[in-house]
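*Asks:* heads up, no residue letters with this:
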């Protein structure tokens, strides 16, 4: 259960930001939750709460029901997170990150990169050649970049994201 809550919080963080992550705990319940209760528990205004909910709603990851207050005639909204859609959203984010990292790894394994040591600016071989291997800023000569450490880090990240993807897929099967 802890893992699922972490994944739902991560989805909220991706969409709204770290400051709103606690809303995931409130929305992940068997019943729909009153938006005023959400605002009170988070310690924020009803408008701030609604803004967060609308942002998540734009991705189709929450559902709501509305009930009319018989005395005032106003509608009150009750919200709930859609776990499957949220996990699918996270899965797609992870797949994109994995694709980007694979592209970076392939690029680093097949191309040469050059760096200005003083300015710490990197160029691919084509752009370094266009600049005559000389930095526009400081006049320094480019040196060839050793991609070994970077490749190791990229492969570590790739493993991390692949493992996380497996866990998300397991949660999808459970839900």
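*Replies:* Arrived safely, thanks for sending. Treat the numbers as computed from the prediction; the structure is a model and nothing was measured.
*Asks:* domains of this structure?
*Replies:* Recorded structural domains for the chain (assignment: automatic domain parsing) are 2-81, 90-174.
*Asks:* taking the mean pLDDT, what do you get for the first one?
*Replies:* When you say that, I think you mean domain 2-81. Confidence over domain 2-81 (mean pLDDT, whole number) is 94.
*Asks:* could you do the last one as well?
*Replies:* If you average the pLDDT over domain 90-174, you get 95.
*Asks:* Serialize the domains of the chain to TSV and add fields for mean neighbour count.
*Replies:* C-betas here are computed from N, CA, C, even on glycine. Output for the domains of the chain, formatted as TSV (neighbours: other Cβ atoms under 10 Å):
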stretch	mean neighbour count
domain 2-81	15
domain 90-174	14
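*Asks:* and residue 171, what does it touch?
*Replies:* For residue 171, the residues meeting the contact criterion (Cβ atoms under 8 Å, 6 or more residues apart in numbering) are 3-4, 7, 87.
*Asks:* mind doing that once more with 10 Å?
*Replies:* The neighbourhood of residue 171, defined by Cβ atoms under 10 Å, 6 or more residues apart in numbering, consists of 3-4, 6-8, 83-84, 86-87, 90-91.
*Asks:* which of the residues you listed sit farthest apart?
*Replies:* 6 and 84 (16.4 Å; Cβ to Cβ).
*Asks:* could you look up the SS state of the residue nearest to residue 75 when sequence neighbours are not counted?
*Replies:* Taking Cβ to Cβ, 6 or more residues apart in numbering as the measure, residue 75 lies nearest to residue 66, with 4.5 Å between them; neighbours along the chain are not counted. Three-state assignment for residue 66 (DSSP: H, G, I helix; E, B strand; the rest coil): strand.
*Asks:* ok, what's across the strand from residue 66?
*Replies:* In this structure, residue 66 has the following beta-bridge partners (DSSP bridges): residue 77.
*Asks:* quick one: contacts for residue 56?
*Replies:* Taking Cβ under 10 Å, 6+ apart as the criterion, residue 56 is in contact with 11-12, 15-16, 20, 23-24, 27, 62, 79, 81-82, 86, 89.
*Asks:* rerun at 7 Å
*Replies:* With contacts defined as Cβ atoms under 7 Å, 6 or more residues apart in numbering, the neighbours of residue 56 are 12, 15-16, 62.
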